[in-house]
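*Asks:* based on what follows, work out the 3D shape:
(2 chains)
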Number of protein chains: 2
Amino acid sequence: MSLIVQKFGGSSVKNIERIKAVAQRVCSAREAGKQVVVVVSAMGDMTDELLEMVYQISPEPTPREIDMLLSTGEQISISLLAVAIQSLGYTAVSLTGWQAGVRTENMHGKAKIKAIDVNRIKRELEKGQIVIVAGFQGINEMGDITTLGRGGSDTSAVALAVALKADSCEIFTDVDGVYTADPRILPVARKMDVISYGEMLELASSGAVVLQPRAVELAAQYRMPIHVRSSFNDNPGTIVKEVSDLEREMYVSGVTHDTNVAKLTVIEVPDKPGIAFTIFDALAKERINVDMIVQSTKAEAVTDLLFTISKDDSRRAVKIIEDLIPQLGAKGLHCDESVAKVSVVGAGMVTHPGVAALMFKALADSGINIQVISTSEIRISCLIDQSQVEKAVEAIHRAFQLELEPGEIPAAIDLL
Amino acid sequence: MSLIVQKFGGSSVKNIERIKAVAQRVCSAREAGKQVVVVVSAMGDMTDELLEMVYQISPEPTPREIDMLLSTGEQISISLLAVAIQSLGYTAVSLTGWQAGVRTENMHGKAKIKAIDVNRIKRELEKGQIVIVAGFQGINEMGDITTLGRGGSDTSAVALAVALKADSCEIFTDVDGVYTADPRILPVARKMDVISYGEMLELASSGAVVLQPRAVELAAQYRMPIHVRSSFNDNPGTIVKEVSDLEREMYVSGVTHDTNVAKLTVIEVPDKPGIAFTIFDALAKERINVDMIVQSTKAEAVTDLLFTISKDDSRRAVKIIEDLIPQLGAKGLHCDESVAKVSVVGAGMVTHPGVAALMFKALADSGINIQVISTSEIRISCLIDQSQVEKAVEAIHRAFQLELEPGEIPAAIDLL
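*Replies:* Down below sits the predicted model:
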């Protein structure tokens, strides 16, 4: 019997009606003869409501207690979904992260999954149960509840699919699949049928919120295909899988943007060895991911060190760096949250050196100033002013003619 | 170092302000040099809100999933209280039922505690932590979350106090202690300083909601003193402990009433052996407690079987018995929820045979009809019409002069 893992995010289970709809969907997969493991997030705004309560008590609640608190969100969803499935005449059992055997690192708030002991899930599947697992959470070796960080339910789903050797992993979301740009701000954006792990990872890392980057990494590592599709309809979505170069028809697959960016500038740091290490090591220890980094020599022996992080981390990062300022001998720290990042992603750009030039031209023609540039093999990102982000996405999407189906791209662009 | 277990119910933690007040209270016990284990219920109406959600999905959610759902209520409370205590500068750690080692029977919804593995709690206490435990919940041998039923947090607290060999167990509530009658309906009711386990058990079982009967039984079994006191002030409350006959000054300690009663009448059952067994065995299997039972012969070979249960169980009980009606050969079933039970409780009544007569006289003088009578060694209960319950409590309380302090009772009453 084939085994499928289905993941439903917070918007898919945001109220009782939506939970009932998800139950229908899960039962049709079961009806089609599949073993089904369902991973669910907390209902809609539940996580934010819980956080609001705890912040009324303390501005700095301890991470362990936040995890204890937040993990109740998925626990509520799994029990309600189990009841909804049972009321349709199917047998179902809900499992918390620890009951499902999800073992994580000790770190709270952003723990990584270390292993999954799937014995309990397998036993339940053998009994014919639909198994509903709380996403986003696990247990560490002290027996404490941990959470996986924002979007962690995607990672739970892929990790479970891998551990259970599932045939596929379906991620249900509020859009129809992965688009060439965010369809909410660019209606001409086109849904892709297939995308490679590498491109998906770059898209996800540079602002496409449809999938969590760590989930994509994990899927790539174990070659687990992910089907990203809508929880509102039966349309085929986008398959994230290994794509050979021969299959590839587009050299650029999409444009993403990310407004959840803060730009930090450490002003007038002495230009000597060890400075960057001191700063980025301190941030890494707190699990703060640094994205773009630029160091620009300002005057003799003094530089400005500029980097970007997620806005969610900016309060903590500012505190960490301000504490380091005396030790660094820097003049100060500036935090700017009015920036955004736009990126083009495409596995084909390695062999098309004109991509960067075309992107910069599109931005320049629209009067958009580029503050920072960073690149990977298959991605080019520009930091711009947040107020210009929609204009930038539109301009870049048009320049690369991403609204056209693969094969329709005129030769002219290929000349780049 | 002395060890104290403190239990705070749902009304004591119903909002953020109350949680902060509880944190203050806990920290003062710690400040006084005690090791503190705190047991907390779900916030205010949380349990009812969760139940309302699940009943929107199904009229008969499975007990396992209800337990999965409801146990989130206390998990939210413990994490918030831990944060509130930490924000006062003390170290604290929250533990769910399963983390605290509370092992229960497999039964969902009304599980009994089988054992508590206190290793984790002891380790945390040794580290100097204030330990906050989720009441009302545990884990069964399958690793599933169970709940202990209504008021189960009292039982959690007493069981933890026993298992940890605590010096005492404080139950904080919204009244000042145990009263001779419910002070909300009878303002002259008097707070008792001390009451025996046996009397407390009868009071609790017959409607005094201040303590859960199972918690009292457990405390009695292990001689654990319970201090019932207000969470709103520092007044001394009522100590529930072993009281020798010599210490006893009152032969009646209190009047209780219970409106959470349903009267079921199985009409015209054939009067033959095995009928009562069939009915009460079916109810017992579903953990429905039967209280008063009366069987009255109506005509030849036919009787009416009348009994009372908690209103909470009436829907389930009616269903169970209606299914049995054909097998029993009875004529039908009648369920009356407009009844109430008033009881007098007192360890001294064993040696004072006039107590029952005085109670019946007080009711008769007030024009109150008695539907059913039941007695134990230290309790007499009468089932009456619910609309007359306040009048009945007042009349009985006055007849026994319970508003007077022990020692002030005039000899006249003793003549009964």
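
*Asks:* measure residue A:255 to residue A:196 for me?
*Replies:* For residue A:255, the distance to residue A:196 (CB to CB, to the nearest Å) stands at 17 Å. To be clear about C-beta, it is placed using only N, CA and C from the backbone, and glycine gets the same treatment.

*Asks:* now the strands for the stretch 1-150 of chain A?
*Replies:* Along the stretch 1-150 of chain A, counting by DSSP state E, counting those that start in this stretch, strands occupy A:3-8, A:35-40, A:92-95, A:102-104, A:113-116, A:130-134, A:137-139, A:145-147.

*Asks:* so where's chain A uncertain?
*Replies:* A:245-250, A:298-299, A:407-416 (pLDDT under 70).

*Asks:* which parts of it sit against chain B?
*Replies:* A:16, A:19-20, A:50, A:53-54, A:56-58, A:61-62, A:64-66, A:68-69, A:71-72, A:75-76, A:78-80, A:82-84, A:86-87, A:93-94, A:96, A:99, A:120, A:143-145 (CB under 8 Å from any CB of the partner chain).

*Asks:* quickly list the domain ranges of chain A.
*Replies:* A:3-174, A:245-416 (automatic domain parsing).

*Asks:* one step back: give me the buried entries from the residues of chain A next to chain B.
*Replies:* Taking 16 or more other CB atoms under 10 Å in any protein chain shown as the criterion, what is buried in the residues of chain A next to chain B is A:16, A:19-20, A:50, A:53-54, A:56-58, A:61-62, A:64-66, A:68-69, A:71-72, A:75-76, A:78-80, A:82-84, A:86-87, A:93-94, A:96, A:99, A:120, A:144-145.

*Asks:* would you map the helices across chain A?
*Replies:* A:16-31, A:46-57, A:63-86, A:119-126, A:152-163, A:197-205, A:213-222, A:275-285, A:314-328, A:355-365, A:389-399, A:411-414 (DSSP state H).

*Asks:* re earlier: so residue A:255 and residue A:196 - more neighbours on which side?
*Replies:* residue A:255 (32 against 21; other CB atoms under 10 Å in any protein chain shown).

*Asks:* the more buried one bridge partners, please.
*Replies:* According to DSSP bridges, the partner residues bridging residue A:255 are residue A:344.

*Asks:* ok, now which ones touch it?
*Replies:* By CB atoms under 8 Å, 6 or more residues apart in numbering or on different chains, the contact set of residue A:255 is A:180-181, A:186, A:342-345, A:393, A:396-397, A:400, A:402.

*Asks:* which positions in stretch A:233-245 come out as buried?
*Replies:* A:237-241, A:243.

*Asks:* do stretch A:140-159 as well
*Replies:* So, applying 16+ other CB under 10 Å, buried residues of stretch A:140-159: A:140, A:144-159.

*Asks:* before we move on, what about stretch A:156-170?
*Replies:* Residues A:156-164, A:166, A:168-170 are the ones in stretch A:156-170 that count as buried (16+ other CB under 10 Å).

*Asks:* about what we covered before: what's the most buried one of the domains of chain A?
*Replies:* domain A:3-174 (a mean of 22; mean count of other CB atoms under 10 Å in any protein chain shown).

*Asks:* centroid residue for chain A?
*Replies:* For chain A, the residue nearest the mean C-alpha position is residue A:212 (2.5 Å; CA atoms, centre = their mean).

*Asks:* tell me if I'm right that that one and residue A:151 touch.
*Replies:* Yes. Applying CB atoms under 8 Å as the test, residue A:212 and residue A:151 come out as touching, 3.5 Å apart.
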